[in-house]
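Chemist: Return atomic coordinates for the entry below.
(one chain, ligands or ions: 1)
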Amino acid sequence: SAKPNTNRSVTEKPLQPCQEMPSGLVGRLLIEFSSPMSMERVQRENPDVSLGGKYTPPDCLPRQKVAYGIYIINQYGEDTFNRAKLLNVGFLEALKDDEEYDCFIFSDVDLIPMDDRNLYRCYEQPRHFAVGMDKFGFRLPYAGYFGGVSGLSKSQFLKINGFPNEYWGWGGEDDDIFNRISLNGMKVSRPDIRIGRYRMIKHERDKHNEPNPQRFTKIQNTKMTMKRDGISSLQYRLVEVSRQPMYTNITVEIGRPP
Ligand code: BGN
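Modeler: Model (predicted):
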C-alpha cells in the first residue's frame, strides 16, 4: 500500500523566478528620526527574516544572491577608522557564510533609504545608490561621487581587486573606488535622482576619523596602488561573530596606519 507523498520538494510546484520589480513596493517612504525605532518593532515588522539577518523570498526564486544577510562590520579598538578596509572584510566574511553570494551592497551605517524602488541588487555596471543625500540637498555633490551606499557583483568587485585597505581616517577611499572602476573599463550606474534619496541619521562627529591628509595624493595613484592593495592583500583578525535576530555583528581588528 503506497503511503501518501508528504515530501514537499516532490509535491510542490517549482518556484517561478522573482519578478524584475517586486510587487508591493510603495515608492517614497516617510523617514524621520523624531520617534525612536526599536529593534523589537523592526523584528515584528519583518517576520520572515531569520537569525543573523538572513532572508530569502518565500514565494519565488531569487534571480541574484545578494548577500541576503545583513552584516555589520565593527572596527575593534581605538585606532584610526578605516571604512574601505572594513567593507573588504564584510565581503570576505559574507562569502565565508555562503560562497554562493554573488552581489554585495556596501552601506554606511547612518544612511536610511527613502524610496523602496531603489532596488538593492546588482546591475550590469557597479552601482552607486546614494545619489541624493539630504546633507547634499538631495543632489550629487560632484559627478564622480561614489560614497554612502554602493553595490558590486562578485565579479565586478574582484575585477577592481576590491577596495583599498590603506585609507586611514576620513575621505578619499570612495574616490579611489570610483577610480578603480573607471580604470578597469567599467562605468558607474545610478538610479534616478528622485528615487536614490537618503536621510542621514544625525550624529556627533566621529572620534578616530579625522580627515586623512594623505588622501589628495593617494587618489592620484590608484592606477599603481590598486594592483597590490585590495582584497588580494587584505589582512585582519576576527574578534567576534555574533548572530543577532536581524543582523550578524562582526568585530575585527584591522591594525593601524603605518
Ligand atoms: C570628497 C571626499 C570624499 C567624500 C566626499 C563627500 C576627498 C579626496 C580628496 C579630494 N574626497 O571631497 O571621500 O565622500 O567629499 O563628503 O576628500
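Chemist: can you tell me which helix in this protein is longest?
Modeler: In the chain, taking DSSP state H as the definition, the longest helix is helix 83-97.
Chemist: Give me the residues contacting the helix or strand that that helix is followed by.
Modeler: Next along the chain after helix 83-97, taking DSSP states H and E as the criterion, comes strand 103-107. Contact partners of strand 103-107, identified using Cβ atoms under 8 Å, 6 or more residues apart in numbering, comprise 64-67, 87, 90-91, 94, 120-122, 129, 148-154, 157. C-beta here means a position set from N, CA and C on the backbone, and glycine is covered the same way.
Chemist: Are any of these buried, and if so which?
Modeler: Neighbour counting by 16 or more other Cβ atoms under 10 Å classes 66-67, 87, 90-91, 94, 120, 122, 129, 148-154, 157 among those as buried.
Chemist: what kind of secondary structure is residue 73 in?
Modeler: Under the three-state scheme (DSSP: H, G, I helix; E, B strand; the rest coil), residue 73 adopts strand.
Chemist: same check, this time on residue 21
Modeler: coil.
Chemist: So it versus the ligand, what's the distance?
Modeler: From residue 21 over to the ligand the distance is 30 Å, taken as Cβ to the nearest ligand atom, to the nearest Å.
Chemist: That residue: neighbouring residues, count only.
Modeler: The number of residues packed around residue 21, counting by other Cβ atoms under 10 Å, is 8.
Chemist: Got phi/psi on it?
Modeler: With angles defined as degrees, to the nearest 10, residue 21 sits at phi -120, psi 110.
Chemist: what's the pLDDT at it?
Modeler: Note on residue 21: pLDDT of 91.
Chemist: give the contact list for it.
Modeler: Shown in contact with residue 21 (Cβ under 8 Å, 6+ apart): 117, 119.
Chemist: Thanks again, I'm all set now.
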